[in-house]
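*Asks:* build me a structure from this.
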Amino acid sequence: MHIVVCIKQVPDSAQIRVHPVTNTIMRQGVPAIVNPYDLFSLEEALRLKDQFGGRVTVLCMGPPQAEEALRKCVSFGADDAVLVTDRAFAGADTLATSYALAAAIRKLSSEQAVDLVFTGKQTIDGDTAQVGPGIAKRMGLQLLTYVSSIQETNLDDGTITVERRGEGGVQVLKTQLPALITMLENTNEMRFASLPAMIHAASHPVRKWNKEDAGIEDLTKIGLKGSPTVVSKVFGPTPRSEKAEMVNLDTTTLRDMTLNLLQSIFTRHPTLEQDLINKGVTP
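*Replies:* All right, here's what the predicted structure looks like:
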């Protein structure tokens with residue numbers, strides 16, 4: 001069984017700041033981490049490896065320093081690590097990223113057939129949740145998004161059964177392999193890396209692929225040339241000057257408290273009541 005886990009090295013969003021003049025993200029001095037959502041996918045892949053054996057390959061597209069993120073994944077138990085890095089990939093949006101990663105996965109599949117591809121549900125720096133589905137579409141893989149648990153994997157008939165969360169509730173889906181799975185957060189707990197594993201990861205040979213090594217066939221579909229997305233502006237939210245107001249209601253019944261509170265809100269926002277009525281909501 002061969003499982004590929006796509007990861008991304010991202011800046012720690014808790015420490016990102018926006019430049020007050022240029023409105024651009026200030027990355028200087030911000031530590032880089034493995035995208036937290038990807039770790040849930042890595043742990044699930046490692047659990048399947050523990051159960052069925054096989055091989056887990058971690059794949060990342062990024063600058064040379066992303067090698068550190070791959071080594072961290074190796075310390076957790078991944079068998080192989082591939083970094084797709086080339087100046088030609090710079091400025092890639094989700095469309096160009098999915099094209100490059102799909103090409104790299106095909107290259108890995110030529111070495112050993114890939115049964116499963118895992119990605120996190122999204123990244124904390126982009127929050128688009130588009131790369132995983134984009135890879136599945138380009139490779140013709142069965143797509144299972146927002147998966148909360150893997151219920152059964154049957155290698156004899158090549159099927160996998162998962163539980164996924166949707167807006168309407170929980171679904172149980174069964175599909176044929178190969179497939180691509182995007183894992184939800186808080187679905188498992190990442191294992192700790194042992195000291196011998198960390199020592200092994202430090203010296204593990206991370207394979208570095210440029211655009212030729214990754215099997216890129218059309219250079220117009222990678223980097224800025226293959227990225228139609230345009231970010232017009234990046235800005236931080238404006239701090240609110242208003243403070244929370246304590247409302248004292250001289251009544252004891254829940255109904256009277258609710259009515260008085262609604263009346264107070266409608267008084268402060270005169271158009272709100274009519275807007276709710278127009279939308280079919282009875283205040």
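
*Asks:* going by contacts, tell me the helices and strands next to the longest strand seen in the chain.
*Replies:* Counting by DSSP state E, the longest strand found in the chain is strand 142-154. On a contact count with 3 or more CB pairs under 8 Å, 6 or more residues apart in numbering; DSSP states H and E, strand 142-154 meets helix 36-52, helix 131-139, strand 159-166, strand 169-176, strand 179-183. Yep, even glycine has a C-beta here, placed from its N, CA and C like the rest.

*Asks:* so for residue 86, which of these sits nearest?
*Replies:* Checking the helices and strands packed on strand 142-154 against residue 86 by CB to CB gives helix 131-139 as the closest, at 17.6 Å.

*Asks:* chain center to the closest one, what's the gap?
*Replies:* Centroid separation for helix 131-139 versus its chain: 13 Å, with CA atoms, centre = their mean, to the nearest Å.

*Asks:* cool, stretch 106-124 as well?
*Replies:* 14 Å.

*Asks:* the closest residue to residue 70 other than its chain neighbours: neighbouring residues, count only.
*Replies:* Sequence neighbours aside, residue 81 is the residue nearest to residue 70 in space, at 4.0 Å (criterion: CB to CB, 6 or more residues apart in numbering). Residue 81 has 25 neighbouring residues, counting by other CB atoms under 10 Å.

*Asks:* could I get the pLDDT score of residue 81?
*Replies:* The per-residue pLDDT reported for residue 81 equals 96.

*Asks:* my read is that it contacts residue 208, right?
*Replies:* No: using CB atoms under 8 Å, residue 81 is not in contact with residue 208; the gap is 9.7 Å.

*Asks:* common neighbours of these two, please.
*Replies:* Any residue near both residue 81 and residue 208 by CB atoms under 8 Å, 6 or more residues apart in numbering counts here, and that gives residue 67.

*Asks:* could you export the helices and strands packed on strand 142-154 as CSV, including mean pLDDT?
*Replies:* Below are the helices and strands packed on strand 142-154 laid out as CSV (pLDDT from 0 to 100):
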stretch, mean pLDDT
helix 36-52, 95
helix 131-139, 95
strand 159-166, 93
strand 169-176, 93
strand 179-183, 95
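
*Asks:* winner for burial among these?
*Replies:* By mean neighbour count, with neighbours taken as mean count of other CB atoms under 10 Å, strand 179-183 ranks first of those at a mean of 26.
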